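Participant: pasting the structure only:
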């Protein structure tokens, strides 16, 4: 009997054991498939696509809600097709054309440049016409404003002059300052060194004004008193030249730089339009300067002359204001009203005045040639 052959047996000498292929094994691919399945499930849960009572994502149900307005009648009026349909519901409705807002095209659009200026500068001042009680009051207001514009900005452009004029007009309308034009311009000019506008107490008005610039300042003053508003400086109440920065500069809000001056306004409500509500008195005081020019020049030279026969204090400021000043005297001034009178120094001759601070370049235009000489 022949032995049977085992055909399925592997001959070790003829069929060697095959080597395992290089690379990831079966376990790796199983782990990768599980990770992909978990990631897909997490994505579906985060996107909210698996929802339902089984716990996969938040359960959501839609319930119809009937909208019920608080006032059905007013809601019907607001949702009407036009004014005629709304008028049938409520016959007492006012006509929108009666208040000029029915037609939006009737109002001209605001200029972009003006909107940019207001965003930077702030709100402009309200137009106000200064009408004096008498013709003399109107002449005084015009002269005081013209003098301030000239001596503060004679070398400026028209806009530079308008900025000075608008500052003075704003002060007249503000309760912090006198409510007359001359009172604002010559405020504090009875005391050297404390005047609000330096030209009124530093001898500057001894210079004879040039006719062209004086006429230009007069024209700008007339427009400002008539109600013209210069919006580029807004509600400014203070200004100074670009050559200096006063200690009060940080306490105010800068509005703009026009020409050689930097303009400021009050902070908070004191610098908003509602604050400029002081009524114009209409009675203008006597124009200044309230400290005579001869005494201003003497103080500049170092030899102060006492006004009204009173002895000046050690700081060079006057002991008491002159009688024609509307401002109330300070307690210190009232305490010195009984000072010993002294003889006033004689007025210097007309040819004796020569301010060394004036330009001596020799290149003086004809209209400025007599600047610095005494006014005859």
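Facilitator: Okay, I see it. Quick caveat, the model's predicted, so the values are computed rather than measured. Numbers count the residues shown, from 1 in each chain.
Participant: drop to CA atoms for contacts and neighbour counts, all remaining ones
Facilitator: Noted.
Participant: can you map out the strands along the protein?
Facilitator: Taking DSSP state E, the strands of the chain run over residues 238-241, 253-258, 261-265.
Participant: Regarding the protein, what is its longest helix?
Facilitator: Assignment by DSSP state H gives helix 26-47 as the longest helix of the chain.
Participant: Any buried residues in that helix, and which?
Facilitator: Residues of helix 26-47 classed as buried: none (neighbour count, 16 or more other CA atoms under 10 Å).
Participant: Could you do stretch 111-126 as well?
Facilitator: Neighbour-count burial for stretch 111-126 [16+ other CA under 10 Å]: 117, 118, 121, 122, 123, 124, 125, 126.
Participant: quick one: contacts for the nearest residue to residue 126 once chain neighbours are set aside?
Facilitator: With sequence-adjacent residues excluded and distances taken as CA to CA, 6 or more residues apart in numbering, residue 126 is closest to residue 229, at 7.2 Å. Neighbouring residues of residue 229 by CA atoms under 8 Å, 6 or more residues apart in numbering: 124, 125, 126, 127, 166.
Participant: who touches the last one in this structure?
Facilitator: Residues in contact with residue 166 (CA under 8 Å, 6+ apart) are 224, 229, 230, 233, 236.
Participant: What of the fourth one?
Facilitator: Residues touching residue 127, when contacts are defined by CA under 8 Å, 6+ apart, comprise 227, 228, 229.
Participant: Can I get the contacts of residue 229 in a markdown table including pLDDT and distance to residue 271?
Facilitator: Supplementary listing: the contacts of residue 229 in a markdown table, determined by pLDDT from 0 to 100; distance: CA to CA, whole Å:
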| residue | pLDDT | distance to residue 271 |
| --- | --- | --- |
| 124 | 91 | 11 |
| 125 | 93 | 10 |
| 126 | 93 | 13 |
| 127 | 94 | 16 |
| 166 | 97 | 14 |
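Participant: quick one: which of those residues is nearest residue 33?
Facilitator: residue 124 (72.8 Å; CA to CA).
Participant: distance of residue 167 from residue 301?
Facilitator: Counting by CA to CA, to the nearest Å, the separation of residue 167 from residue 301 is 31 Å.
Participant: between these two, which one's more packed in?
Facilitator: In this view residue 167 and residue 301 are compared by other CA atoms under 10 Å, and residue 167 has more residues nearby, 22 against 10.
Participant: is it true that that one touches residue 231?
Facilitator: No - contact between residue 167 and residue 231 fails when scored by CA atoms under 8 Å: they sit 11.0 Å apart.
Participant: Let me have the contacts of residue 127 in a markdown table, extended by pLDDT and distance to residue 243.
Facilitator: Below are those laid out as a markdown table (pLDDT from 0 to 100; distance: CA to CA, whole Å):
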| residue | pLDDT | distance to residue 243 |
| --- | --- | --- |
| 227 | 95 | 31 |
| 228 | 96 | 29 |
| 229 | 96 | 27 |
